[in-house]
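Colleague: Fold the following for me, if possible:
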Amino acid sequence: MRLLPWLAAATRALSATAALAQADYPSRGIKIIAPIPAGSSADLLARIYAKGLQDKWGQPVVVEDRVGASHNIGADVVWRAAPDGYTLLTAPPPSLAVNKYLFPKLPFDPDTFVPITVMAEAPNVLVTRPGLDVADVKALIALAKSKPGQLTYGSTGKGSTLQLSAEAFRNRAGIDLLHIPFTGVPQLIQEMLAKRVDITFAPLIDLYPYIADGSLKALGVGTDEPSPDLPGVPTLAATLPGYHATAWFAVAAPPKTPLPLAEKISAAIREAFAQPDAGQAFKNLHARPILNNPTEAAAFIRADSLRWKEVIVANGISAE
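Modeller: From the prediction side, this is the model:
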């Protein structure tokens, strides 16, 4: 019992120290880790809010691309960092919501990251190659049923969100498709243009130029609402109720980052994206801004993670 007053005093001291540290934050430079290549969507968004934070707080904010191992290398760097707000992760779904179901063992625990915000969401789009004579999703499903296992779909590899989007579609439509993996979206698109792959699902930012010039035909989008960038193209859920497949870009902090600190960073990121040039960036990426708070971001990521888990488990998909 004699220990109780001491423990209470120690707890108050630690709380006061933590509160003081958060009040002084940031007192030095901040590092943003992006686990994908420079120039990618997540990297571009990271650089926008990095500039906003730097302008607001007067401290250097740098973006470091740590690529490899299906986004796991960069995520692991942040997971092992101190929970003080000076190392942040900017990532699409794999690091935070998908890889934990694909890899039997990860060096980090994705569920222990502290979400800061989901910056934006963009649709994965179903497109068909030139010459594939289908007018809409129903016609594509009918064609696939008439030729089981003969229509091909391309992706960026086993366990990629492009493959998972196609597998979710295949399951809901009750069809059999042949998977052809590629090393990246550019190669996949070239194979589609050469008519060697029938369909694919990919982010709108990658497909938009080819849809706009008529090279590829968009049949549906994976968001819950139609995309303003693709007038006349319906949602895939209109044909297959419940279908949802999007790319999103989140910011997260290391485990045990205090919620007040996460909320402070989240508010500053929202402020950074309120600038006119940031709004144009969302348009360029064909993405819908979300910019939710940490609690909302956690719920968003959890819901999407469970959607991907259903697809991965149902199809026995593994990254190994």
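Colleague: And for the closest residue to residue 87 other than its chain neighbours, the neighbour number?
Modeller: Among residues not flanking residue 87 along the chain, residue 81 sits closest, at 3.6 Å (C-beta to C-beta, 6 or more residues apart in numbering). In short, each C-beta sits where N, CA and C put it, glycine included. Counted with other C-beta atoms under 10 Å, the neighbours of residue 81 add up to 19.
Colleague: just the helices in the chain please.
Modeller: Taking DSSP state H to define them, one finds helices in the chain at 3-24, 41-57, 72-79, 93, 99-102, 137-146, 161-173, 185-193, 204-212, 259-272, 276-284, 294-315.
Colleague: Need those in JSON lines (columns: distance to residue 130 and mean pLDDT).
Modeller: Output for the helices of the chain, formatted as JSON lines (distance: least, C-beta to C-beta, whole Å; pLDDT from 0 to 100):
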{"stretch": "helix 3-24", "distance to residue 130": "56", "mean pLDDT": "52"}
{"stretch": "helix 41-57", "distance to residue 130": "26", "mean pLDDT": "93"}
{"stretch": "helix 72-79", "distance to residue 130": "36", "mean pLDDT": "97"}
{"stretch": "helix 93", "distance to residue 130": "30", "mean pLDDT": "94"}
{"stretch": "helix 99-102", "distance to residue 130": "32", "mean pLDDT": "96"}
{"stretch": "helix 137-146", "distance to residue 130": "15", "mean pLDDT": "98"}
{"stretch": "helix 161-173", "distance to residue 130": "19", "mean pLDDT": "95"}
{"stretch": "helix 185-193", "distance to residue 130": "7", "mean pLDDT": "95"}
{"stretch": "helix 204-212", "distance to residue 130": "10", "mean pLDDT": "94"}
{"stretch": "helix 259-272", "distance to residue 130": "41", "mean pLDDT": "98"}
{"stretch": "helix 276-284", "distance to residue 130": "26", "mean pLDDT": "85"}
{"stretch": "helix 294-315", "distance to residue 130": "28", "mean pLDDT": "96"}
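Colleague: could the ones you listed be laid out in TSV, adding distance to residue 108?
Modeller: Shown next, in TSV, are these (distance: least, C-beta to C-beta, whole Å):
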stretch	distance to residue 108
helix 3-24	23
helix 41-57	18
helix 72-79	4
helix 93	16
helix 99-102	9
helix 137-146	38
helix 161-173	19
helix 185-193	26
helix 204-212	28
helix 259-272	18
helix 276-284	29
helix 294-315	15
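Colleague: Pick the most buried one from those helices.
Modeller: Mean neighbours per residue, mean count of other C-beta atoms under 10 Å, is largest over these for helix 161-173, with a mean of 23.
Colleague: who touches that one?
Modeller: Contacts with helix 161-173, where a contact means C-beta atoms under 8 Å, 6 or more residues apart in numbering, come from 92-94, 98, 124, 126, 141, 144, 153-157, 176-177, 179, 181, 185, 188, 199-202, 222, 236, 240, 242-243, 245, 247, 307-308, 311-312, 314-315, 317.
Colleague: Quick one: end-to-end distance for stretch 126-138.
Modeller: Taking C-alpha to C-alpha, to the nearest Å, the first and last residues of stretch 126-138 lie 13 Å apart.
Colleague: So which bits of it are buried?
Modeller: 126-129, 132, 134, 137 (16 or more other C-beta atoms under 10 Å).
Colleague: So which of those are in strands?
Modeller: Mapping the buried residues of stretch 126-138 onto strands (DSSP state E) picks out 126-128.
Colleague: now, which of those residues sits nearest residue 293?
Modeller: residue 126 (32.1 Å; C-beta to C-beta).
Colleague: my guess is that closest one contacts residue 203, does it?
Modeller: No - Residue 126 is beyond contact range of residue 203, at 11.9 Å (criterion: C-beta atoms under 8 Å).
Colleague: Identify the residue nearest the geometric centre of this protein.
Modeller: Geometric centre of the chain, nearest residue: residue 92, 2.5 Å, by C-alpha atoms, centre = their mean.
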